Structure formats: structure tokens, C-alpha cells
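Student: Could you work out the structure for the sequence below:
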Amino acid sequence: MSEFVKALLECREDSRIPKEYDWFAPLLGDWEFDYYDVKEGKRGRHVEGEWLFRRTLDGTCIEDLFICPSRGTRESDPQPDGEYGAALRMFQPEMKGYDMVYTTRGSMSRLQVQREEGQIICTVLSDARAKWVFDRIAKDTFHWKNITVMEDGHWRTNCEVSAVRKKPADHGKVYEDCPIFDTGRYRLRLVEETDGADLLKVYSDKKAVPLFNSDNCHGDTFYYTTLERMEEAIRYWLWEYERKGFVRWSIFDRAVGEAVGTIELFHRDAEDYFTECGLMRLDLRSDYEKKECIKEILTPMTASAFCMFSCEMLAVKAVPEAKERIEALTELGFEERQEMLAGQNGMKYGFYWVLRKM
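Tutor: Presented below is the predicted three-dimensional model:
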């Protein structure tokens, strides 16, 4: 490490910012994100980027690097207005907030930062109507938007970012640190309550629901028609994750900025054929029930599931009507089994396809 970098990042204390004002602490670390232009409330251009946050200047300051397109995509997806910028945020006790400066090639902006109703709001000093807002901040995700305050007081979103923390996948600890899988187009990450509106489109899709696996689910068909019921299901899935029952990933399509399905996985031990088994449920919106979509979504999961769930086989249900799914499973190396999965109260379930550990 060079002396410059060492001096920049070295902190004698973890932070010199009072804890109650250390608003950016949850953002420290490395993030990858999906950027979208927004016009008339609709998402347009999509660009992949990265955002890196650190404490600097002996713990008195939060500095970040905003890189869009990301270093990994700058050559394959160049953008004429792309940014490779840096921001400094210095806490000022007298204002109980931060002074901020952001610079990238060709521009420099000064802002003041305050917190309002759980949002971190950065106001551009040269135009108080222009604000940069961090919201929906969670352990491994956050949302950011560039907005303009209109004359009637409502906020017009000009562009937005959905960020996910970069982290190595430690598959041996799936219930402690849920891994994120990225295929390029699709990102698979632990389901969140904020996915409710997107997933309602999946679970209210009458063409999709008959292809879902509801075996052994106490009569739940996974057909949900209200946001309240969808969010109730998501809370249950998260409860099961906390008690190490199963993991439910949301399938996020980066091209459209929506969750378009889920994958559930858990380790199953039983007295039937499907023991020492990773049992997988794949629920997709009907317009994604296509062979190539399914293959792209399942490929990273099948490569890692044996380790994550300490299993000798993976099992996925595919009813005869799910022709695209069956083609995808066949090309991924799954084989149809005639054995029945034993459920509760003596129920037997069929149409399972199996991939064995190599």
C-alpha cells in the first residue's frame, strides 16, 4: 500500500463521527449496482456500475467512488456520459449534518446532507430543487435516486440506482451470509419484503401458478391476488430462513429492474429416494418460462447447491405441461425419475427431475 493510500484510509479511531449522525456507516464497503434513467416514471437506459465507500481523513470523513459503467463493463458497454467520480462527506457538528462535494470529469457539485424520515437527503447548493436521496438502506442493499422537487412539491425521479453489496459466496454458511448469484442479466439474492409488488405479478399469474411446486405445502397453491397476502408469504419465507428451514432467493431481471420469480432450496433427509437431497422450487412469471431463461437462471445455482446444502443430488419438479422447463432441465443434465416423493399424511408426489453430484 502506498503512503498516500495508507494516510488516506488510516484511522486512529473507528470513527470520529458521533454515532447518532453516522448515517453512512451501513454503506461502508463495496457495492455493485444497476443504474436506470427514468422518464415520466418509467425506467429507460440500464447501466451496470460499482460504488465503493470508505472512512478517510483519520475517521472524520466518508469518501466514495462512483463508477458507472463499472470497471468490468467500461469497454463492453461504454457510455458517453459515464462517470468515474469521487465524493467527500465531512460531518459538521454545528449543522448536525454533512458538507459534501462530488466531482467527476467536467463537473463539481457542492451539497449539504441531512436525514429526514429515514432517508439521507443530499441537497445541491446551487439548486435547492435538486436532491440526491439514499433510501431503503438494508444490510446488503440500498436504493438511490436523483430527484427534482417540482413546483407543486412532488418529487420527479430523473435516474435511480439499485445496489447490492459485493461479497464472496461462502456456501458453507448459507444461513449466516446468503450468497448472491449473478448471471449477467439475472441477479439472485435473498428475498426482501420490498419485492412484494413485483412478486405479486408472479404469484397472481394464472398461467404460471400451475407449474409451481406446491407439494407438501399444507394446501398452499401459491396463487396470491393481494399485496397483503404476498407480503405475508415473504415474511414467512424470511422466517424460515432465520430458523434455517429453507432459502428463498428473488430472481431480479436487471434488464427491466423487476423481480420476476423466486428459487427455494433446502436440504432434505427422508426415508424415500429423495434423501440427502437439495430440493429446489422454481417459480417464474409465465413470460419467463422459456428454456434459455431457465437455463441461465439455474446454471449458477446448480453449480453451487451441492456445497451450500451438503447434498448428493438436486431435485426439481417439472409437470408434463412445463415443456420449456423440461427442455432446460434436460440440457442441464437432469434426469426424470419415476420414484415418488413421500409427503405428509402418506401423500405421494411425482414428476421430479434429478441432477446427481459429480
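Student: For Ala233, I want the exact helix or strand it lies within.
Tutor: Using DSSP states H and E, Ala233 falls within helix 227-242.
Student: For that helix, buried residues please.
Tutor: Buried residues in helix 227-242, counted by 16 or more other Cβ atoms under 10 Å: Met230, Glu231, Ala233, Ile234, Trp237, Tyr241. C-beta: built from backbone N, CA, C; applies to glycine.
Student: how far away is the third one from Gln79?
Tutor: In this structure, Ala233 and Gln79 are 38 Å apart, going by Cβ to Cβ, to the nearest Å.
Student: How about Asp177?
Tutor: 33 Å.
Student: What's the per-residue pLDDT of the closest residue to Val202 other than its chain neighbours here?
Tutor: Excluding its sequence neighbours, the residue lying closest to Val202 (Cβ to Cβ, 6 or more residues apart in numbering) is Arg285, at 4.6 Å. pLDDT, Arg285: 98.
Student: how does the chain divide into domains?
Tutor: Following automatic domain parsing, the chain resolves into domains at 3-165, 171-356.
Student: So which of these is the most surrounded?
Tutor: Of all the domains of the chain, domain 171-356 carries the top mean neighbour count, a mean of 17, counting by mean count of other Cβ atoms under 10 Å.
Student: can you pull the contacts of the residue nearest to Arg248 when sequence neighbours are not counted?
Tutor: In this structure, Arg248 finds its nearest non-sequential neighbour in Trp237, 4.1 Å apart by Cβ to Cβ, 6+ apart. Shown in contact with Trp237 (Cβ atoms under 8 Å, 6 or more residues apart in numbering): Val191, Phe246, Arg248, Thr262, Glu264.
Student: isn't the first one right up against Phe252?
Tutor: No: in this structure, Val191 sits apart from Phe252 without contact. The criterion is Cβ atoms under 8 Å, and the distance is 10.2 Å.
Student: Against Tyr36, how distant is Tyr160?
Tutor: Actually, residue 160 is Glu. It isn't Tyr. Plainly put, Glu160 is 6 Å away from Tyr36 if you go by Cβ to Cβ.
Student: and if you look at Cys217?
Tutor: For Cys217 relative to Tyr36 (Cβ to Cβ), the value is 35 Å.
Student: Now do the helix or strand following the helix holding Ala233 and helix 227-242, the angle between them.
Tutor: Per DSSP H and E, the first helix or strand lying C-terminal to helix 227-242 is strand 247-253. In terms of direction (axes from the mean of the first three to the mean of the last three Cα atoms, to 10 degrees), strand 247-253 departs from helix 227-242 by 130 degrees.
Student: Strand 247-253 packs against which elements?
Tutor: Secondary-structure packing of strand 247-253 (3 or more Cβ pairs under 8 Å, 6 or more residues apart in numbering; DSSP states H and E): strand 186-190, helix 227-242, strand 258-268.
Student: need the ones you listed in TSV with mean pLDDT and distance to Pro210, can you?
Tutor: Below are the helices and strands packed on strand 247-253 laid out as TSV (pLDDT from 0 to 100; distance: least, Cβ to Cβ, whole Å):
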stretch	mean pLDDT	distance to Pro210
strand 186-190	96	23
helix 227-242	96	18
strand 258-268	96	15
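Student: Rebuild the ones you listed as a markdown table, extending it with distance to Asp205.
Tutor: Listed next are the helices and strands packed on strand 247-253 as a markdown table, based on distance: least, Cβ to Cβ, whole Å:
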| stretch | distance to Asp205 |
| --- | --- |
| strand 186-190 | 18 |
| helix 227-242 | 12 |
| strand 258-268 | 10 |
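Student: Ok, which of those comes nearest Gly97?
Tutor: Set against Gly97 and scored by Cβ to Cβ, the helices and strands packed on strand 247-253 come closest in strand 186-190, at 31.6 Å.
Student: Could you list every helix and strand in contact with that closest one?
Tutor: strand 181-182, strand 247-253, helix 291-308.
Student: quick one: contacts of the last one?
Tutor: In other words, helix 291-308. 169, 171-172, 174, 179, 181-186, 188, 249, 251, 261, 263, 265, 278, 280, 282, 284, 288, 311-312, 314, 324-325, 327-329, 331-332, 355, 357.
Student: got the contact list for the helix or strand following that helix?
Tutor: Later in the chain than helix 291-308, the nearest helix or strand by DSSP H and E is strand 313-317. Residues outside strand 313-317 that contact it (Cβ under 8 Å, 6+ apart): 213, 215, 268, 274, 276-282, 302, 305-306, 329, 334, 337, 341, 349, 351-357.
Student: So which of these are in strands?
Tutor: Using DSSP state E, the subset of these located in strands is 268, 277-282, 337, 341, 349, 352-356.
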